[in-house]
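Novice: I would like the atomic coordinates for the input below:
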Amino acid sequence: MSCEDCVSRREFLGKTTLAVAGAAALAAGCGDGQFGPTTLVASTDTALSVKVASVPALATVGQLVRVGPASAYVAVKRTGAASFAAIRVICTHEGCETNIQASNIFVCPCHNSRYDSDGKVTKQPDGGGSATNLPTIAAKYDAATDTLTIG
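Specialist: Have a look, this model is predicted:
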């Protein structure tokens, strides 16, 4: 049997290896290989300090407010005259950043998990899976300097 366009075994294996290596390099250059949102990891190594007077919404007891740089992923609410609660805003289902709604709840835009203003799960994610309560972070208020230290 004659074959003018046939490829030898050695040539076939060489081309296949190059194709696989090229596909792997392309996949590596296109992100982490995951579809959907990237899991957000918030640093807990550094304390965040906030002048309470500089965040007018913190004057209202019970009002959730994002504080610090976006990369801090922290919300705070005043719980009393000189007490505050800090909550991590990363959904515990798949690590998406939650949004604070006007109704003072956290909602995950990825799978619609919902949390009350204390970070407690009120609705599990759409499509299965489960979420746990949002983690709280230590918050210490110094009334003399009007400084809230988180973390």
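Novice: surely Arg114 meets Asn104?
Specialist: No - with contact defined as Cβ atoms under 8 Å, Arg114 does not count as touching Asn104 (11.6 Å). For the C-beta atoms, the positions are set from N, CA and C on the backbone; glycine is no exception.
Novice: Now for the residue nearest to Ser130 when sequence neighbours are not counted: which residues touch it?
Specialist: Of all residues not flanking Ser130 in the chain, Gln124 sits nearest, at 5.6 Å (Cβ to Cβ, 6 or more residues apart in numbering). For Gln124, the contact set (Cβ atoms under 8 Å, 6 or more residues apart in numbering) comprises 113, 130-131.
Novice: Got phi/psi on Val52?
Specialist: phi -60, psi -40 (degrees, to the nearest 10).
Novice: That one - how many residues pack around it?
Specialist: 20 (other Cβ atoms under 10 Å).
Novice: wait, doesn't it sit right on Thr145?
Specialist: No - counting by Cβ under 8 Å, Val52 does not reach Thr145; the two are 9.5 Å apart.
Novice: Now do the residue nearest to Cys110 when sequence neighbours are not counted against Arg114, distance only.
Specialist: Using Cβ to Cβ, 6+ apart and skipping residues adjacent in sequence, the residue nearest Cys110 is Cys96, 3.9 Å away. Distance, Cys96 to Arg114, using Cβ to Cβ, to the nearest Å: 13 Å.
Novice: Give me the common contacts of these two.
Specialist: In contact with both Cys96 and Arg114: Cys108, using Cβ under 8 Å, 6+ apart.
Novice: Specify the local secondary structure of Ala53.
Specialist: Three-state call for Ala53 (DSSP: H, G, I helix; E, B strand; the rest coil): helix.
Novice: Quick check: the gap between it and Asp146.
Specialist: 5 Å.
Novice: just to revisit the earlier point, ok, the residue nearest to Cys110 - how many residues close by?
Specialist: Neighbour tally, Cys96, other Cβ under 10 Å: 21.
Novice: correct me, but it touches Cys108?
Specialist: Yes - counting by Cβ under 8 Å, Cys96 touches Cys108, with 5.2 Å between them.
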